[in-house]
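> This is a predicted model, with the sequence first.
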Amino acid sequence: MWKLYLIIISVAISGMIQAQNLITYDVPDGLKYSAHNDDFTVQVREHGGEWIDVFEWKVQVDLDDIQTASMVSFDIGKTVDVRVRKNNGVVNSVQIRPLSLGIFPVVDGQVISFSLSKPTKLSLEVNGDKLHNLHLFANAILKEKPSTDDPNVIYFGPGLHQPKDQPGDVYHVPSGKTVYVDGGAVIKAKFMIDGVHDVKIIGHGIVWQPERGLEIRYSQNITVDGPIFINPNHYTIYGGQTSGINIRNIKSFSCKGWSDGIDLMSCSDVVIDDVFMRNSDDCIAIYGHRWDFYGSARNYLIKNSTLWADIAHPTNIGLHGNAEAGGDTIENITFSNINILEHDEDDRDYQGCMAITCSDNNLVRNITYKDIRVDDFQEGQLFNFRVVYNEKYSGAPGRGIEDVFLKNIEYNCNSSNPSVIKGFSTERQVERILIDGLTINGMSVKKINEINMQVGDFVKELKVK
């Protein structure tokens, strides 16, 4: 046992390069060529120190026309310098988004330089290219790492991990366990949390090309903090009939059909904080009943996050519920301090950066969008609030949408389809929508007719101020 412990420690040390306030991680030998993208060369250093090479991961994006972008990840404790070399093509312009970060790089030929003073998630785009960009994730250094001696800690150290004694490429996590995924670890499987309680999955490692990244089913008090999910076949996090979910600091890429980011069905008491989701379906979707999961959905706080929907919605609420039993209630949901970097959807029924598609006899109420910054997007709508009967997915129209509050929404755009607010009938209306502080291309909007918006029938108490 002591010999095994020494081996684990030596591998952990060899799997990373650590300065006082900067940690970079090596990549497993079997992935150094197949998982590498040579579009950029990235180096980091403590301010004024020695440069350290960072591995540039290959990530695939955008189901419409799948392309290969780049990603790097490291941990910082204070200010670091970043140096990026573009290895092909001429650098005419560079933009770092979200723009709210206020990072303006220095460009010298093919070399792009800037500094980071705190943990950050960003996209570096050369010549406006969003499909072959560099995603950079600077995590906070973990101050208190779980002890590998603790019997309640499941430790994945540096290297490639794939189940051998569990069928289906699945790691099942029991109650009361903390799964610690080291920053140098790559997990070629999904995590399954099913019928358990008090589970944590933490660390800055990678869950790489699983069927799904993580399933949370019929459970309570679940925390996910830190991992990167690269190109699952379907959902990044798939949750059903669970209460007490805390999702923080995850990063996600997907490029296949049905590869949503975070989809939660009949879940309540949820916090999603500081995530970066680039998905080829809804980035975050909140539903009632679907498939084997039953119950309403209540009390969500989604904050301090960046959403990039190459396909479908950045945010979506309300489509699925228990129509046969009279529907579910989806309520008390707040999105706060969100950057939306893309929305591209050619089907008008599935448009809207902020979408409430109320169906299946659901009642959707008490929804807040606050401090939302939306960049120009390819195709879609700023918001879409409708009570509908969707023939493909619904058993009935929704019961209604009530009390939606939009505060400090900033949209910088060239063009978009008109936003839509529409009820279904006198018994199934949209009621009490307040838009307070909408800015479009720097201009403050104070009247309904100043918004590119279609207001349909069965809408009551729509106000703009």
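Cool, the structure landed. Residues are numbered from 1 along each chain as shown.

> For the rest of this, base every contact and every neighbour count on C-alpha atoms.
Fine.

> Nearest residue to Ile103 in space, ignoring adjacent ones along the chain?
When the adjacent residues along the chain are set aside, Ile103 lies closest to Ile96, with 6.4 Å between them (C-alpha to C-alpha, 6 or more residues apart in numbering).

> actually Gln162, sorry about that
Distances taken as C-alpha to C-alpha, 6+ apart place Lys188 nearest to Gln162, at 5.0 Å, with adjacent residues excluded.

> Which strand or helix spans the residue nearest to Ile103?
Assigning secondary structure by DSSP states H and E places Ile96 in strand 94-97.

> For that strand, output the C-alpha coordinates as PDB.
Listed in PDB are the C-alpha atoms of strand 94-97, where the atom choice follows Å, rounded to 0.1, in the frame of the first residue of the first chain:
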ATOM      1  CA  VAL A  94      -7.600  39.900 -32.700                       C
ATOM      2  CA  GLN A  95     -10.600  40.100 -30.400                       C
ATOM      3  CA  ILE A  96     -11.000  38.600 -26.900                       C
ATOM      4  CA  ARG A  97     -14.500  37.800 -25.800                       C
END
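
> For that strand, what does the pLDDT average out to?
Per-residue pLDDT values over strand 94-97 give a mean of 98.

> can you list contacts of that strand?
The set of residues that contact strand 94-97 without belonging to it, under C-alpha atoms under 8 Å, 6 or more residues apart in numbering, is Ile103, Phe104, Pro105, Val107, Leu122, Ser123, Leu124, Glu125, Val126, Asn127, Gly128, Leu341.

> quick one: buried residues of the helix or strand following it?
From strand 94-97 onward toward the C-terminus, using DSSP H and E, the following helix or strand is strand 106-108. Using 16 or more other C-alpha atoms under 10 Å as the test for burial, strand 106-108 gives Val107.

> on contacts alone, who are the packing partners of strand 106-108?
Helices and strands touching strand 106-108, by 3 or more C-alpha pairs under 8 Å, 6 or more residues apart in numbering; DSSP states H and E, are strand 111-116.

> Any chance of the contacts of strand 94-97 in TSV with pLDDT as columns?
Formatted as TSV, the contacts of strand 94-97 follow (pLDDT from 0 to 100):
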residue	pLDDT
Ile103	98
Phe104	98
Pro105	98
Val107	98
Leu122	98
Ser123	99
Leu124	99
Glu125	98
Val126	98
Asn127	98
Gly128	97
Leu341	98
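
> Columns distance to Ile193 on top of these, output as CSV?
Converted to CSV, the contacts of strand 94-97 look like this (distance: C-alpha to C-alpha, whole Å):
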residue, distance to Ile193
Ile103, 39
Phe104, 42
Pro105, 42
Val107, 46
Leu122, 30
Ser123, 31
Leu124, 35
Glu125, 37
Val126, 40
Asn127, 43
Gly128, 40
Leu341, 31
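
> ok, which pair from those residues is furthest apart?
Longest distance between any two of these is 22.9 Å, between Val107 and Leu341; criterion C-alpha to C-alpha.

> picking that back up, now rank the contacts of strand 94-97 by neighbours and give me the top one.
Tallying neighbours with other C-alpha atoms under 10 Å puts Leu341 at the head of the contacts of strand 94-97, with 23 neighbours.

> check which helix or strand covers that residue.
Applying DSSP H and E as the criterion places Leu341 in strand 329-343.

> send the alpha carbons of that strand over as PDB?
Backbone C-alpha positions of strand 329-343 (Å, rounded to 0.1, in the frame of the first residue of the first chain) are rendered in PDB as follows:
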ATOM      1  CA  THR A 329     -44.900  24.200 -12.500                       C
ATOM      2  CA  ILE A 330     -41.600  25.700 -13.500                       C
ATOM      3  CA  GLU A 331     -40.900  28.700 -11.300                       C
ATOM      4  CA  ASN A 332     -38.400  30.900  -9.500                       C
ATOM      5  CA  ILE A 333     -35.600  30.900 -12.000                       C
ATOM      6  CA  THR A 334     -33.000  33.700 -12.300                       C
ATOM      7  CA  PHE A 335     -30.300  34.200 -14.900                       C
ATOM      8  CA  SER A 336     -27.800  36.800 -13.700                       C
ATOM      9  CA  ASN A 337     -24.600  38.200 -15.100                       C
ATOM     10  CA  ILE A 338     -24.600  36.100 -18.300                       C
ATOM     11  CA  ASN A 339     -22.600  36.600 -21.500                       C
ATOM     12  CA  ILE A 340     -24.200  35.100 -24.700                       C
ATOM     13  CA  LEU A 341     -21.600  34.800 -27.400                       C
ATOM     14  CA  GLU A 342     -23.600  33.000 -30.100                       C
ATOM     15  CA  HIS A 343     -27.100  31.800 -31.100                       C
END
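
> and the closest residue to Asp169 other than its chain neighbours, how many residues sit next to it?
If the residues on either side of it in the chain are set aside, Asp169 comes closest to Ala189, at 4.7 Å by C-alpha to C-alpha, 6+ apart. As a burial measure, the neighbour count of Ala189 was computed by other C-alpha under 10 Å and equals 22.

> so how far is Lys164 from Ala189?
Relative to Lys164, Ala189 is positioned 11 Å away (C-alpha to C-alpha, to the nearest Å).

> for His343, same thing?
If you measure His343 against Lys164 using C-alpha to C-alpha, the figure is 39 Å.

> repeat for Ser113
Note on Ser113: its distance to Lys164, by C-alpha to C-alpha, is 44 Å.

> The two - which one has more neighbours?
Ser113 (17 against 9).

> related to what we said a few turns ago, can you give the strand pairings for the strand holding Ile96, parallel or anti for each?
Taking DSSP bridges as the criterion, strand 94-97 forms sheet pairs with strand 120-126 (antiparallel).

> list the contacts for Asn37?
Taking C-alpha under 8 Å, 6+ apart as the contact definition, Asn37 lies against Glu56, Trp57, Lys58, Ala69, Ser70.

> Format the residues you listed as JSON lines; extra columns: secondary structure, pLDDT and distance to Asp282.
Rendered in JSON lines, the data for those read as follows (DSSP: H, G, I helix; E, B strand; the rest coil; pLDDT from 0 to 100; distance: C-alpha to C-alpha, whole Å):
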{"residue": "Glu56", "secondary structure": "coil", "pLDDT": "98", "distance to Asp282": "26"}
{"residue": "Trp57", "secondary structure": "strand", "pLDDT": "98", "distance to Asp282": "23"}
{"residue": "Lys58", "secondary structure": "strand", "pLDDT": "98", "distance to Asp282": "22"}
{"residue": "Ala69", "secondary structure": "strand", "pLDDT": "98", "distance to Asp282": "20"}
{"residue": "Ser70", "secondary structure": "strand", "pLDDT": "98", "distance to Asp282": "21"}
